[in-house]
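**Student:** only geometry, no sequence info:
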């Protein structure tokens, strides 16, 4: 995903793609470690309300999940893992 993220932002511009990590981590230390590995944004670990609202809005019930949305928040792909999309696993 890091490579696809970098490639899209380089080719089309940073404003054309953003990834936002929503944590299912059990503690802040795990969250900090994962965030340190990622070049994209993250909902702060202690903002449980925002994370819960996003999980409900985009029907996330299992992890990992990669939801692709447009600039208006409409779902483009509900689970973009694996295959020819972003290649971060298989469902």
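**Tutor:** Cool, the structure landed. Computed from a predicted structure; not experimentally measured.

**Student:** so where's this protein shaky on pLDDT?
**Tutor:** For the chain, the stretches with pLDDT under 70 are 83-91.

**Student:** for it, what spans make up the helices?
**Tutor:** 2-12, 28-36, 48-57 (DSSP state H).

**Student:** Any chance of a markdown table for these, columns distance to residue 74 and mean neighbour count?
**Tutor:** In short, each C-beta sits where N, CA and C put it, glycine included. Shown next, in a markdown table, are the helices of the chain (distance: least, CB to CB, whole Å; neighbours: other CB atoms under 10 Å):
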| stretch | distance to residue 74 | mean neighbour count |
| --- | --- | --- |
| helix 2-12 | 19 | 12 |
| helix 28-36 | 26 | 13 |
| helix 48-57 | 11 | 13 |
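
**Student:** what's the closest of those to residue 63?
**Tutor:** Closest of the helices of the chain to residue 63 is helix 48-57, at 9.7 Å (criterion: CB to CB).

**Student:** Go through the helices of the chain and name the closest to residue 71.
**Tutor:** helix 2-12 (13.2 Å).

**Student:** just how off-centre is that closest one within its chain?
**Tutor:** Remark: helix 2-12 is offset 14 Å from the chain centroid, using CA atoms, centre = their mean, to the nearest Å.

**Student:** how about the nearest residue to residue 65, chain neighbours excluded?
**Tutor:** residue 79 (5.8 Å; CB to CB, 6 or more residues apart in numbering).

**Student:** Pipe the helices of the chain into JSON lines and attach distance to residue 18 per row.
**Tutor:** Compiled in JSON lines, the helices of the chain are given as follows (distance: least, CB to CB, whole Å):
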{"stretch": "helix 2-12", "distance to residue 18": "9"}
{"stretch": "helix 28-36", "distance to residue 18": "15"}
{"stretch": "helix 48-57", "distance to residue 18": "14"}
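
**Student:** okay but the residue nearest to residue 65 is in contact with residue 64, surely?
**Tutor:** No. Under the criterion of CB atoms under 8 Å, residue 79 is not in contact with residue 64, lying 9.3 Å apart.
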